[in-house]
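Undergrad: only geometry, no sequence info:
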């Protein structure tokens, strides 16, 4: 299954991968060599730490290579007819009181590596339960979402 990322995020990952493969690996080898100079490896905490850091670096390289080899780049469009990757959707919680704060919420549908629920608008992943519920819905369509054992109904108020 491919993951969705923007061209900017792909470039960021490519630059990080290049850095890790070059400078990151050189630094890891240097730390291991320095730690070896401290003597007996069986009781050398610096060596153990350096090897653990090298393992984390290699794991990150493998992760980035996997994402980059199996990603699908999406671009934001000027207009949307339905909820899809890159759009900003405003929804109305139809079950909330008319004067309730949060009756209307705005979300941007993004890939998993770009989600940020603390941003404004909240960036939610297309793979999240809420993101999945919204995908494909059109303006004024009602969408049911299961949350903590309750069904919440949203109306798609606006798609940008």
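TA: Nice, thanks for sending it over. Fair warning: this is a prediction, and the values are worked out from it, not measured in the lab.
Undergrad: quick one: buried residues of stretch 114-127?
TA: With burial defined by 16 or more other C-beta atoms under 10 Å, the residues of stretch 114-127 counted as buried are 114-115, 123-126. Placement of C-beta: from N, CA and C, glycine included.
Undergrad: which of those fall within strands?
TA: Counted as lying in strands by DSSP state E, out of those, are 123-125.
Undergrad: can you add pLDDT and distance to residue 132 and give the buried residues of stretch 114-127 back as a markdown table?
TA: Compiled in a markdown table, those are given as follows (pLDDT from 0 to 100; distance: C-beta to C-beta, whole Å):
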| residue | pLDDT | distance to residue 132 |
| --- | --- | --- |
| 114 | 95 | 16 |
| 115 | 95 | 13 |
| 123 | 96 | 15 |
| 124 | 96 | 10 |
| 125 | 96 | 9 |
| 126 | 95 | 7 |
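Undergrad: and of those, the nearest to residue 21?
TA: residue 114 (23.0 Å; C-beta to C-beta).
Undergrad: just checking, next helix/strand downstream of the helix or strand encompassing residue 12?
TA: Using DSSP states H and E, residue 12 sits in helix 7-19. Following helix 7-19 in sequence order, the next helix or strand is helix 25-36 (DSSP H and E).
Undergrad: the inter-axis angle of that following helix versus helix 7-19?
TA: For helix 25-36 against helix 7-19, the angle by axes from the mean of the first three to the mean of the last three C-alpha atoms, to 10 degrees is 40 degrees.
Undergrad: what does helix 25-36 rub up against?
TA: The list of residues contacting helix 25-36 from outside it, by C-beta atoms under 8 Å, 6 or more residues apart in numbering, reads 44, 46-47, 49-51, 53-54, 57.
Undergrad: check stretch 37-51 too.
TA: Taking C-beta under 8 Å, 6+ apart as the rule, stretch 37-51 contacts 28, 31-32, 34-36.
Undergrad: 6 Å instead?
TA: Applying C-beta atoms under 6 Å, 6 or more residues apart in numbering, the contact partners of stretch 37-51 are 31-32, 35.
Undergrad: filter these to the buried ones?
TA: For the contacts of stretch 37-51, a neighbour count by 16+ other C-beta under 10 Å gives the buried set as 31-32, 35.
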